[in-house]
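Chemist: Have a look at this prediction, sequence included:
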Amino acid sequence: MGTCASTDGEPGLQSKGASFISNTSDVIDRLEAADGQDNLVVVASRNVNTEVIRSQRVEAAVASRGVNQFARSQTRTALQDEAVSSTMRSSFQKMATSLRLSRMGTMKREQMIKEVTAAAPQQGLTGASLETRLATFGMQMLEMEGDGNCQFRSMAFNLFGKQDYHASPRQAAVKHMKKHSDFFGVFFETGAEFSRYLQNMARNGTWGDELTLRAVVEAYGCVAHVVTSEPTNWHLVYEPEGLDPPDLNIAICPKGVGMPKSRKRIFLSYISPIHYNAIISRPGS
């Protein structure tokens, strides 16, 4: 693994990081046409609502409470804090609960995915319904392994052509957040808490979150389209600020794979609140 080398003008290398969505501009036009129902949320990387980020951190914890006894047993330690202090309602402490969940093991996480998906008809769109939504735009989900790396796998597939390269965007995200601690650190109560977060996030299997998604977008200068299972505001667009070239000490690429084009469009699906997949074109679309 090493730093990226630009591949502009080298179609052979660039194809590894090329979009897996045919007629990208047409798909984006159709997605935006559906936004008459206020489903589009454009997120400039530094135009941040801190409360939104903090609340998204706790989604997995909250959703898992009512799934089944198995999921509850895995979150008991994290959730018991709520009984200890009423201040657990604060965004920061809820965020801490979510961070504990982020180290859940692979088998437990896969079981949780199954249970949450089964419960989803009462809570929103199922994975199948999200697939139907994507089909409307000529797209489909490409399943990512449910090992805690799904967000990074989805981004690695989009950026480099293989989900197995997930360590690269993970490392880039951590390095980028560390370099820009003046921004990313504001979501934590203390510098020590932020340092622990970065340590955990550097580990294989730690769930990616809103901050890592933003960090990858900034590090590689890409534009991320996330189609979610939410009933509204289901098309999220994450855009980097400015047009500065990526820092090659941060934008980690797999060995032999070139740097994706600047402002490359990447497409992810998100089955709220626990699983990311990549999005590809449907055959014949």
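Modeler: Here it is on my side, so go on.
Chemist: Would you map the strands across the chain?
Modeler: Using DSSP state E, the strands of the chain run over 2-3, 40-44, 139-142, 223-228, 235-239, 252-253, 265-271, 275-281.
Chemist: how about those strands in TSV, adding distance to residue 164?
Modeler: The C-beta positions use only the backbone N, C-alpha and C, and glycine is treated the same way. Below are these laid out as TSV (distance: least, Cβ to Cβ, whole Å):
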stretch	distance to residue 164
strand 2-3	16
strand 40-44	28
strand 139-142	13
strand 223-228	20
strand 235-239	23
strand 252-253	13
strand 265-271	17
strand 275-281	12
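Chemist: For my notes, please list those in JSON lines and give mean neighbour count and mean pLDDT for each entry.
Modeler: Formatted as JSON lines, these follow (neighbours: other Cβ atoms under 10 Å; pLDDT from 0 to 100):
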{"stretch": "strand 2-3", "mean neighbour count": "12", "mean pLDDT": "58"}
{"stretch": "strand 40-44", "mean neighbour count": "16", "mean pLDDT": "64"}
{"stretch": "strand 139-142", "mean neighbour count": "20", "mean pLDDT": "92"}
{"stretch": "strand 223-228", "mean neighbour count": "22", "mean pLDDT": "92"}
{"stretch": "strand 235-239", "mean neighbour count": "19", "mean pLDDT": "90"}
{"stretch": "strand 252-253", "mean neighbour count": "24", "mean pLDDT": "92"}
{"stretch": "strand 265-271", "mean neighbour count": "24", "mean pLDDT": "93"}
{"stretch": "strand 275-281", "mean neighbour count": "23", "mean pLDDT": "93"}
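Chemist: Now do the contacts for the residue nearest to residue 151 when sequence neighbours are not counted.
Modeler: Once flanking residues are discounted, residue 151 sits nearest to residue 208: 3.1 Å by Cβ to Cβ, 6 or more residues apart in numbering. By Cβ atoms under 8 Å, 6 or more residues apart in numbering, the residues touching residue 208 are 149-152, 170, 173, 201, 276.
Chemist: Tell me the one of the residues you listed nearest residue 235?
Modeler: Among the contacts of residue 208, residue 276 lies closest to residue 235 (Cβ to Cβ), at 14.9 Å.
Chemist: if I read this right, the closest one contacts residue 148, doesn't it?
Modeler: No: applying Cβ atoms under 8 Å, one finds residue 276 not in contact with residue 148, separated by 11.0 Å.
Chemist: Restricted to helices, list the contacts of residue 208.
Modeler: 150-152, 170, 173, 201 (DSSP state H).
Chemist: before we move on, the earlier item: check the contacts of residue 208 and tell me the two furthest apart.
Modeler: Farthest pair in the contacts of residue 208 (Cβ to Cβ) is 201 and 276. Separation: 15.1 Å.
Chemist: Read off the pLDDT value for residue 209.
Modeler: With respect to pLDDT, residue 209 has a value of 93.
Chemist: do the same with residue 241
Modeler: The score at residue 241 is 78. That number is its pLDDT.
Chemist: any idea how far it lies from residue 169?
Modeler: Plainly put, residue 241 is 18 Å away from residue 169 if you go by Cβ to Cβ, to the nearest Å.
Chemist: Of the two, which one has the most company?
Modeler: Remark: of residue 241 and residue 169, residue 169 carries more neighbours, 31 against 12, as counted by other Cβ atoms under 10 Å.
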